[in-house]
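return a 3D structure for these sequence lines:
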Amino acid sequence: MISFPNAKINLGLHITSKRKDGYHEIETCMVPIPLFDALEMILDKKASWESTGTPIPGEPKDNLILQAQQLLRKDFQGLPNLKIHLHKNIPMGAGLGGGSADAAFALKLMSNLYDLHLEDFFLEEYAAQLGSDCPFFVENTPKIARGRGEILEPIDISLKGSHLVLINPGIHIGTKEAYAGVTPAMPKVKLEEVLADRSRWKEELVNDFEVSVFANHPEVSEIKEKLYAAGAYYASMSGSGSTVFGLFEEQPSTIEFPEDYFHFETLL
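Residues are numbered from 1 along each chain as shown. Modelled structure (predicted):
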């Protein structure tokens, strides 16, 4: 079986408080976008793992897909081996949720292959053990995310008809660096209220991570400035970066960036 895990963007991202367990409480709106990896799983006598496309650092055992398989093996004994092939296309460590999407889609594929017929509620519980963004990709529809990102509420929002431009400068921004310059605080205006009025997005739909990331990496800030200069009605860093996206009413003319930057455009 083959599936195509997709990326996401964040419309606003607030760091509201720091928890006693060391994690942070957040508030954000996550929206799926049509930028895909490809994940194939086949029942096989011998377990195997292969990845192509963008190289994935680290040991295979640390990959969230194989960790997802181990979670299911703990609760369901005797599950058959799998031949797994991931073709990586979504930039990693870029604020687009690619690894989280791979894990969530892996859980859904394995539920079907193993005839477990797990409902979304149970899949989201497994996904939450793998990463804060993972549960979002189970239903894979626009959601307001709170808590560590695992408390999800549907939101009626559509970007249909907008042109999306993604730019990633290839800078990996670790979680520690991203949080270092953030002072947690509750937003003055409800996120849902701002999202309901697109004319307020540019001034009021804020990603709190931009403060520290832009200070350390001015080139990321420059991407946002260029997207607005090209006519975006909204531009922002996604997640903890370093990807910046722009939303346009009409397809923008060519925007110049260094050749080694990841560049993706699509009509939503």
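
for this protein, which helix is longest?
helix 98-113 (DSSP state H).

who are the packing partners of that helix?
Where contact means 3 or more CB pairs under 8 Å, 6 or more residues apart in numbering; DSSP states H and E, helix 98-113 is packed against strand 2-3, strand 6-18, strand 38-43, helix 64-75, strand 82-88, helix 120-128, helix 136-139. Bear in mind the C-beta positions are built from the backbone N, C-alpha and C, glycine included.

that helix to helix 64-75, inter-axis angle?
40 degrees (axes from the mean of the first three to the mean of the last three CA atoms, to 10 degrees).

least confident secondary structure element in this protein?
Across the helices and strands of the chain, mean pLDDT, DSSP states H and E gives its lowest value to helix 175-180, namely a mean of 79.

who touches that one?
Identification of contacts with helix 175-180 by CB atoms under 8 Å, 6 or more residues apart in numbering yields I15, H24, F209, S212, V213, N216, S240, G241.

in a markdown table: the residues you listed, plus secondary structure.
Formatted as a markdown table, these follow (DSSP: H, G, I helix; E, B strand; the rest coil):
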| residue | secondary structure |
| --- | --- |
| I15 | strand |
| H24 | strand |
| F209 | coil |
| S212 | helix |
| V213 | helix |
| N216 | helix |
| S240 | coil |
| G241 | coil |
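
of those, which is the nearest to H172?
G241 (9.4 Å; CB to CB).

counting neighbours, what do you get for the closest one?
29 (other CB atoms under 10 Å).

who are the contact partners of it?
Listed by CB under 8 Å, 6+ apart, the contact partners of G241 are A94, G95, I171, I173, A178, F209, E210, V213, H217, V220.

now, which of those residues lie within strands?
Judged by DSSP state E, strands contain none of the contacts of G241.

quick one: pLDDT of the residue nearest the centre of the chain?
For the chain, G97 is the residue whose C-alpha lies nearest the centre (CA atoms, centre = their mean; 2.2 Å). If you check G97, the pLDDT there is 95.

so where's the stretch 1-150 of the chain shaky on pLDDT?
22 (pLDDT under 70).

enumerate the positions of the longest helix of the chain that are buried.
Buried residues in helix 98-113, counted by 16 or more other CB atoms under 10 Å: 98-111.

reformat those residues as CSV; add distance to A232.
Shown next, in CSV, are the buried residues of helix 98-113 (distance: CB to CB, whole Å):
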residue, distance to A232
G98, 23
G99, 27
S100, 26
A101, 24
D102, 29
A103, 31
A104, 29
F105, 29
A106, 34
L107, 35
K108, 33
L109, 35
M110, 39
S111, 39
